[in-house]
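A.B. asks: below: sequence and its predicted model.
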Amino acid sequence: MLRNKIKFFSFALVLVLGFQSVATFAKPKKQVRFKVRVENISTGEQVNKSGSKYPFALSPGVYVVSNDDMPLFSIGGKASDGIELQAEDGNPMTLVEKLGSKSTRQVGAFSKPVGSDMPSPILPGQAFEFEITATEGQKLTLATMFGQSNDLFYAPSKAIELFRKGEPINGDVTDSLGLWDAGTEVNEEPGTGANQGPRQKAPNTGMSENGHVRLVVDEFVYPNTKSVMRVTVTPIDSMSN
């Protein structure tokens, strides 16, 4: 019996030492700090279907770093109160408060144009910038309102992978973004609607739509995304976990 106990103890010790060895030599996950830049690269004025001209603008927005594929909305689902406020009024703060309740997420707002101390939309030639820290495997999601609309916003359909084959991404990710309709307010022609951000008398004053979140499809004309905005992600420095 004593011999069996000694054998069992020796076997258990080998297992423990083996696991310690694996843990000791396991490749640590990279942790990288990134700069994210959201630019309004539109030139001149946009022209809508009726021939009216308007300046392109992007509102303050929200960003999320997490392991989630899409923490902001469900395609085909009803917009949350936070998405409604972001899409209708360019106000990201409800989303920041609600999404920030999980410790596994890094959540924040970008609201001040580069070079300004005051929150405001960005007009042609202006940009938002913010920094994030992500661990290998985490992804980036963001949303910003198409300012000359009732309830449209730019966001990816799926969170943007910040690492590819273990290496941090570096460059233009605008291709990941689409123009979404929150389905909360009836659309008016961009740049002219009385209930759109620049012209409405008060927040949340348009006709309710009771729709669902989807890529915008209506009778109006919208600018090509890559012709008016650019989003870039640049690694700044890295460390190991």
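C.D. replies: Cool, got the structure. Numbers count the residues shown, from 1 in each chain.

A.B. asks: what bridges to the residue nearest the centre of the chain?
C.D. replies: With distances taken as Cα atoms, centre = their mean, the residue of the chain nearest its centroid is residue 142 (1.0 Å). Beta-bridge partners for residue 142, by DSSP bridges, are residue 63.

A.B. asks: which residues does the closest residue to residue 102 other than its chain neighbours contact?
C.D. replies: With Cβ to Cβ, 6 or more residues apart in numbering as the criterion, residue 102 has its nearest non-adjacent residue at 7.6 Å, and that residue is residue 66. C-beta here means a position set from N, CA and C on the backbone, and glycine is covered the same way. Shown in contact with residue 66 (Cβ atoms under 8 Å, 6 or more residues apart in numbering): 102, 104-106, 138-139, 141, 159.

A.B. asks: now, the residues you listed that are in strands?
C.D. replies: 106, 139, 141 (DSSP state E).

A.B. asks: ok, the second one touching residue 169?
C.D. replies: So that's residue 139. No. Using Cβ atoms under 8 Å, residue 139 is not in contact with residue 169; the gap is 10.3 Å.

A.B. asks: number of residues surrounding residue 184?
C.D. replies: Residue 184 has 24 neighbours, counted by other Cβ atoms under 10 Å.

A.B. asks: quick one: it and residue 211 touch, right?
C.D. replies: Yes. Residue 184 lies in contact with residue 211 (Cβ under 8 Å); the separation is 7.1 Å.
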